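*Asks:* Show me the folded form of this:
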Amino acid sequence: MGVTNIAPVVSKIYCSSSQTTLMVRRRPRMVNGGGFVVMNANQNVVFKVDGCGILGIKGELILRDGDGAPILLIHKKGGVVQALSAHNLWNSYVMDYEEPSKLVFSLREPKSRLLRNGSIKISTDTNGRNKDWGFEVKGSFIKRACTINDRRGNVVAQVGLMEMMANKDFYHVVVQPGYDQAFVIGVIAILDNIHGESTRC
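*Replies:* Okay, the predicted model is just below:
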C-alpha cells in the first residue's frame with residue numbers, strides 16, 4: 001500500500017511499521033492546564049504534553065518524549081494580522097538543544113463557530129505559505145470521535161474513547177503504520193487546547 005514509505009513530519013524515530021495504539025491520560029487538575037501523558041500498550045509513558053498551567057504561557061505547549069526531553073514547541077500565532085484573520089494559526093517547531101529550531105507543521109483553526117463545522121487543516125509546507133494543506137481533522141474531538149486524514153483521505157490516526165470507560169480524561173489514539181506519532185500527538189495537543197481542556201489555563 002506504500003503507507004510505510006510516507007516521509008515523517010517530525011522524525012522517522014516516531015514512525016512504526018505497525019499500527020500503534022496509544023493511551024492518553026489527562027493529568028489531575030490540581031494545576032490548571034497541566035497537560036496530559038501518552039502511554040503505549042505496555043503502560044510506558046512515550047510522550048508528555050505540558051500546557052499553560054505548567055509553562056505559565058497561554059497559547060504555548062511543549063511536547064516531550066517519555067524521558068521528558070522536549071520534541072516540539074507549539075505556539076499560537078499572535079499579532080495584528082492574526083487578530084484580523086478568520087483563523088487562528090498554530091505553528092509547531094522541532095526543539096533542538098532546548099530551543100525551537102525548525103517549523104515542521106502549522107494548524108489552521110477557524111475562529112468562528114459557523115466555520116467550526118468545517119475541517120481543521122494542517123500544513124507541512126514550511127515555506128510559510130500555508131496553502132498546501134496535507135492533513136485535516138474530521139469529526140468531534142470533544143466527543144473523542146475524530147480522525148486525522150491525509151490529503152488523499154487515508155486515515156492517519158483515529159481518536160476514540162476506551163471501551164468500558166465513559167471518561168473523556170482517558171482515551172486512545174490509533175496511529176496507522178508509517179505515520180509520525182509525535183506529529184499526531186502534537187495535533188492532539190492543539191485540539192485539547194482549542195477546546196479548553198487539560199492544556200488550557
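*Asks:* My guess is residue 20 contacts residue 38. True?
*Replies:* No: with contact defined as C-beta atoms under 8 Å, residue 20 does not reach residue 38; the gap is 10.7 Å. The C-beta positions use only the backbone N, C-alpha and C, and glycine is treated the same way.
*Asks:* So the two - more neighbours on which side?
*Replies:* residue 38 (26 against 20; other C-beta atoms under 10 Å).
*Asks:* what's the nearest residue to that one if we skip its chain neighbours?
*Replies:* residue 47 (3.9 Å; C-beta to C-beta, 6 or more residues apart in numbering).
*Asks:* now swap in residue 191 and tell me
*Replies:* residue 141 is the one closest to residue 191 (C-beta to C-beta, 6+ apart), at 4.4 Å.
*Asks:* so what's that neighbour scoring on pLDDT?
*Replies:* With respect to pLDDT, residue 141 has a value of 92.
*Asks:* Pull the contacting residues for it.
*Replies:* By C-beta atoms under 8 Å, 6 or more residues apart in numbering, the contact set of residue 141 is 159, 188, 191-192, 194-195.
*Asks:* rewinding a little: distance check, the residue nearest to residue 38 against residue 98.
*Replies:* As defined by C-beta to C-beta, to the nearest Å, residue 47 lies at a distance of 17 Å from residue 98.
*Asks:* Who has more neighbours out of those two?
*Replies:* Shown here are residue 47 and residue 98; by other C-beta under 10 Å, residue 47 has more neighbours (25 against 8).
*Asks:* Would you mind confirming that residue 110 makes contact with residue 120?
*Replies:* Yes: using C-beta under 8 Å, residue 110 is in contact with residue 120, at 7.3 Å.
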